[in-house]
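Q: Build me a model from this:
(2 chains)
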Amino acid sequence: MRVFRLAWRQLRRERRSGALTILIASLVVAAAAVSTVGFLTSRVSQAMRVAANATLAADVDVRGPTALPDRYTEFAHQRDLKTTTMLRFPSVVLKDDLSQLAELHAVENGFPLRGEVQLSKEPFGPAHRADGIPAPGTIWAAPRLLTALRAAVGDTVQIGAADFRIAAVLAYAPGQGIDFIEFAPNLYLNAADLAATKLVQPGSRIGYHLLVAGPPAAVADYKTALKSELRPSDRVVDISDTRPEVNDPLHQAQSFLRLAALVSVLIAAVAVAMSARQYAVRRTDLVAVLLTLGMTRGRLVILLILQLLLLAVASAVIGSAIGYGAQTGLVLLLGDALPVALPPPGWIPALTAFGTVILLLAGFALAPVLRLRNTPPARILRRDLGPRPGNVLAIWSFALAALIALLAWQVNDWRITLYVFAALIGAGLVLALGSGAALLALRPLRTHVGTAWRFGLGNLWRRGGLSVLQVTAFGLGLTVLLWLTLVRADVFRAWQEMLPPSAPNEFIFNIQPAQRDDLNDFLSKHDLPTPRLYPMTRARLVGINGQHVTAADFKKDRARHLLNRQANLSMASFRRQENVMTAGQWWDKSDYGSRLVSVDAEIAQVFDVGPGDTLTFAISGDELTLEIANLRNIRWQSFEPNFYFVTPPGVLNRYPTTYITSLHLSPQKAPLLADLARALPGITVVDIGAIIRSVRQIITQASLAVAYVFAFTVFAGVLVLLAAIQATRDERRYESALLRTLGAGRAAVLKGIVAEFAMLGLLAGGLGGAAALGAGWLLISQVFDLPYHADPWIIPAGLVGGAIIVIGTGVAATRRAVNRPPVETLTRG
Amino acid sequence: MLDTTAVSPVLRAEGVGKQVTSPAGTLTILADCSLEVGRGESLAIIGPSGSGKTTLLGLLAGLDVPTNGQIWLAGEELTALGEDGRARLRARHVGFVFQAFHLLPSLTALENVMLPLELAGDGDPIGGATRAIGAVGLEERAEHYPHKLSGGEQQRVAIARAYASRPAILFADEPTGNLDTASGERIIDLLFDLNARAGSTLVLVTHDARLAGRCSRTLELEGGRFRGQQ
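A: Residues are numbered from 1 along each chain as shown, chains lettered A, B, ... in the order given. The predicted structure is shown next:
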């Protein structure tokens, strides 16, 4: 306890020491960066998940072919999760002498748990949010059903044994987008009416759904608990299983946010290392006195570690408070951009911040501080005696271990971790070697410049090692800033290019071969471009390399899912540009008619197949075996129709084929959809504008959040600079006082300082810009897998930005030294 | 009251005092010090540690401002000038030699000597500095950095720096304090030799009786006051 009090008192006494302030500030910045991103991602990703889950109508959809066991629901209620059930099955709907097959959804109160149902008074008319579920005796029907039955809102239709009044036109319902290649138009009715229809009989083809929603932790727990209890026939579906195009940017945005925070922490680590060294150096005298007065080295070590722990707690608390405030500010800033009210953040991010601070101290401060225990007490007599130099290897291995641990812990993605690590090491080398070489090369300059510049540049050369360190550390900060700017620009450019305002927002399915010309005529009559039509044949994967396969043969959910449903085979003569080949060759004309297939790389991985393997499909009672010619990576973000399986032309000719296409309709032209549905009976039109909007929103949120987190990177970079200035503070005070004694005015001294920092800033900015170009290439082309646009403006931007920030910070931090009264030269021995 | 119409002295102080205020109260370091030093004169200020010698030197050279009293240096009233005004005055008229040499470590010996010439706006700082460094016998070491020079050599560079701009008055603060006896002797010789050749005024603060003995005049400070002037 006495040691604790001593530790506390000493820290309090040293709070005015610049080194301690910078050490704490660096830890606080790291903690704040980590906790801001932690608080924010936990809230926003929950919200984004909620928004994305809206397309599923729930967080989790448990599906089965027969009535689901009650325990599924009990599990959910035990975890305070909301549930509702839905039955889905196809049935004929009658009106007068007309009939149409529809996909019935019998829903209960509470539906949808996520998202909202949108209704309109007439097909494709203005939509409004639905209140609750269809009243008993009424239904909501999709436009195509009404067209087929020549019905309107208010009319009565017959479903099974019961009559229903059409209460509204269904404009959008969550869950609709999931398997939107449905042959039947959607219809929603109240589950209470189901019995009256007498449609639910033993043997009926009914999909039973249990929709579940609630806090993410409880949902995750529910999914885990359910896994072992699930009947073989049932499946648990959540957003990550359904829409790849929603899932992908979500995942990338999170990686990007974490990366931004991590980089702030890494730069703060440099500042921690520098200021901890200073802090230790400044405490050498005190330690010598303590040892002289009889403190044992063991107690000294306890004292030193205790002080570091106190620093850690204080910094983590302050940093987390700042992080909490920062994310609250951001949430206010985002305001309406957020899809729903954000759930409150948990405590985990504060613990993460504490862990980060501890790691930083252990890796970057412990070694120099513990070195103090080797201080010879005789230093009290001879000031030139210092602690024995530490084991360089030990210091570096501490730092390296902490660095790797931090990266691994915060990134959760080894691929990105390794690339970032490689990029940072590369950038560090460019900066260190580049600045060392530049200082040597510029040395002859000193005879051609004025006093102030000679003095300023002279300082750089004299403190060669420290100058290189300053350029490297601050340059690394700039590199990362410029690098992230490049990456951000490219990632958003790529997203924008893939999602231009004219991105397709309507999918049209079930176009019969004979309707192709009618569709084109209709579109050209209304000044719409002729879209590309993709042929599509429904097939089921039944064999791999001659072996018959069923869902039961596979453990992976994805594989079971794919084998349980119909797949769509398409035909293409050329490869779409945005889909990158990962193995094998695309075909040429001589292969037309050959039984080849191009397979999505992810699917190939799921089934562990590659070029040369064969896949057998069941198509309309026939079996067709195709040899895998190549694998492709599909870019789902393009919102063009994409297919897991594509054959060369001529292979699918003898099988029933329909066509699918996507097109962009401006809001003014949206009413045309009703005419289109009338002109081409039987087609299905799906409005994916809502999905696109949700993806756009996610991108906007992510970009704002990332820009916000950049602020911490800047702070961390400035702290490195301050730590470096702090290290030379005493020298600067002395030199400034001496220059003024010799008759230099304040302006002349300032000029020398500006010269020195300008040179540092230019070197850090120029080299940092160059390093950022290289690092940007690595991250963008290798990690994000996007086309890289090397922007040469990064270098002049780095030069100017570096000079401005370094001169500004440097002059602000050394201002006090310039104002030092010259009389100090007399009092310093 | 002194007669200001007489041949004006290079340095004059009148009723100079210095107090510092601390939480413990006001402490008087110097009180009512008056002196006059004429052109070419050499004055030693001696006294025990804590008597206020260094404070007085700082005030006389314009490095600090007195709490009361007035100081004239080279015909200008120091006490009426601001910080930068005093710096300009020092650049034109004042040279310094310190106990701790105080060479700028980032500059070579020659560049250190050039510094006051450049600050005073001299047209040929390299020429002037080369001559000055020759005068102290260190031509060979001109391109060396201070940390490569011995203590005696560093002090010779400091003396070259002090005389390079041909100052009207040179202030020296324990110039031999950090040197062994032999080096100290050589430095004393050099200092007085250059002072005689340049015809400048020398004001030095010292403990060293030999050094004080070489000066034309000695003032002894005790408890912040002069003891029996002249």
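Q: where in the stretch 1-150 of chain A is pLDDT low?
A: Within the stretch 1-150 of chain A, the stretches with pLDDT under 70 are A:1, A:16-17, A:44-55.
Q: Which parts of it are strands?
A: Defined through DSSP state E, counting those that start in this stretch, the strands belonging to the stretch 1-150 of chain A, from first to last, are A:60-64, A:82-95, A:98-107, A:118-120, A:127-129, A:138-141.
Q: from the ones you listed, which stretch is densest packed?
A: Of all these, strand A:138-141 carries the top mean neighbour count, a mean of 24, counting by mean count of other CB atoms under 10 Å in any protein chain shown. Using the backbone N, CA and C atoms, a C-beta is placed for each residue, glycine as well.
Q: which residues sit against that strand?
A: Here strand A:138-141 makes contact (CB atoms under 8 Å, 6 or more residues apart in numbering or on different chains) with A:93, A:102, A:117, A:119, A:130, A:134, A:151, A:157, A:159, A:164-170, A:173, A:185-190.
Q: give me that answer again for 7 Å
A: A:L119, A:P134, A:F164, A:R165, A:I166, A:A167, A:A168, A:V169, A:L170, A:L187, A:Y188, A:L189 (CB atoms under 7 Å, 6 or more residues apart in numbering or on different chains).
Q: need the contact list for residue 91.
A: No chain specified, so I'll use chain A. A:A102, A:L104, A:I159, A:G160, A:L199.
Q: look at chain B instead
A: A:G743, B:P116, B:L119, B:A120.
Q: Hmm, the last one is touching B:S165, no?
A: What it means is B:A120. Yes: at 5.0 Å, B:A120 counts as touching B:S165 under the criterion of CB atoms under 7 Å.
Q: Name all residues that make contact with the closest residue to A:P821 other than its chain neighbours.
A: Sequence neighbours aside, B:D64 is the residue nearest to A:P821 in space, at 6.3 Å (criterion: CB to CB, 6 or more residues apart in numbering or on different chains). Contact partners of B:D64, counting by CB under 7 Å, 6+ apart, are A:P821, A:V823, B:G58.
Q: would you turn the residues you listed into CSV with distance to A:V471 and neighbour count?
A: Listed next are these as CSV, based on distance: CB to CB, whole Å; neighbours: other CB atoms under 10 Å in any protein chain shown:
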residue, distance to A:V471, neighbour count
A:P821, 32, 15
A:V823, 34, 20
B:G58, 38, 25
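Q: re the thing from before, can you say which of the contacts of strand A:138-141 are buried?
A: A:L119, A:P134, A:F164, A:I166, A:A167, A:A168, A:V169, A:L170, A:L187, A:Y188, A:L189 (16 or more other CB atoms under 10 Å in any protein chain shown).
Q: So what's the predicted local confidence for A:R258?
A: On the pLDDT scale, A:R258 is placed at 74.
Q: which element is B:T54 on?
A: helix B:53-60 (DSSP states H and E).
Q: Would you mind naming what in chain B lies close to chain A?
A: Contacts of chain B with chain A, taken as CB under 7 Å from any CB of the partner chain, map to B:54, B:57-58, B:63-64, B:83-84, B:87-88, B:90-91, B:96, B:98-100, B:102, B:104-107, B:111, B:115-116, B:118-120, B:173.
Q: So what's the model's average confidence on the helix or strand containing A:G768?
A: Taking DSSP H and E as the criterion, A:G768 maps to helix A:746-777. Helix A:746-777 shows a mean pLDDT of 88.
Q: Can you list the helices and strands that it packs against?
A: Packed against helix A:746-777 by the contact rule (3 or more CB pairs under 7 Å, 6 or more residues apart in numbering or on different chains; DSSP states H and E) you find helix A:414-441, helix A:451-462, helix A:464-498, helix A:729-741, helix A:794-818.
Q: tell me the angle that helix makes with helix A:451-462.
A: 50 degrees (axes from the mean of the first three to the mean of the last three CA atoms, to 10 degrees).
Q: Give the buried residues for helix A:746-777.
A: Neighbour-count burial for helix A:746-777 flags A:746, A:748-777 (criterion: 16+ other CB under 10 Å).
Q: How about stretch A:456-467?
A: So for stretch A:456-467, counting by 16+ other CB under 10 Å, buried means A:G456, A:L457, A:G458, A:N459, A:L460, A:R462, A:R463, A:L466, A:S467.
Q: ok, now stretch B:89-105?
A: By neighbour count on 16+ other CB under 10 Å, the buried set for stretch B:89-105 is B:89-104.
Q: Tell me the one of those residues nearest A:P65?
A: Closest approach between the buried residues of stretch B:89-105 and A:P65, by CB to CB: B:L104, at 87.6 Å.
Q: Need phi/psi at the closest one.
A: Here is the backbone geometry of B:L104 (degrees, to the nearest 10): phi -80, psi 120.
Q: re earlier: tell me the one among the contacts of B:D64 nearest to A:L266.
A: Taking CB to CB as the measure, A:L266 sits nearest to A:P821 out of the contacts of B:D64, at 40.3 Å.
Q: can you confirm the closest one is in a strand?
A: No: counting by DSSP: H, G, I helix; E, B strand; the rest coil, A:P821 falls outside a strand, being coil.
Q: what are the ranges of the strands in chain B?
A: Taking DSSP state E to define them, one finds strands in chain B at B:11-22, B:25-37, B:42-46, B:68-73, B:76-77, B:94-98, B:169-173, B:201-205, B:217-222, B:225-227.
Q: Just send the ones you listed back as CSV, with mean pLDDT too.
A: Below are the strands of chain B laid out as CSV (pLDDT from 0 to 100):
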stretch, mean pLDDT
strand B:11-22, 90
strand B:25-37, 90
strand B:42-46, 93
strand B:68-73, 93
strand B:76-77, 92
strand B:94-98, 87
strand B:169-173, 91
strand B:201-205, 92
strand B:217-222, 91
strand B:225-227, 87
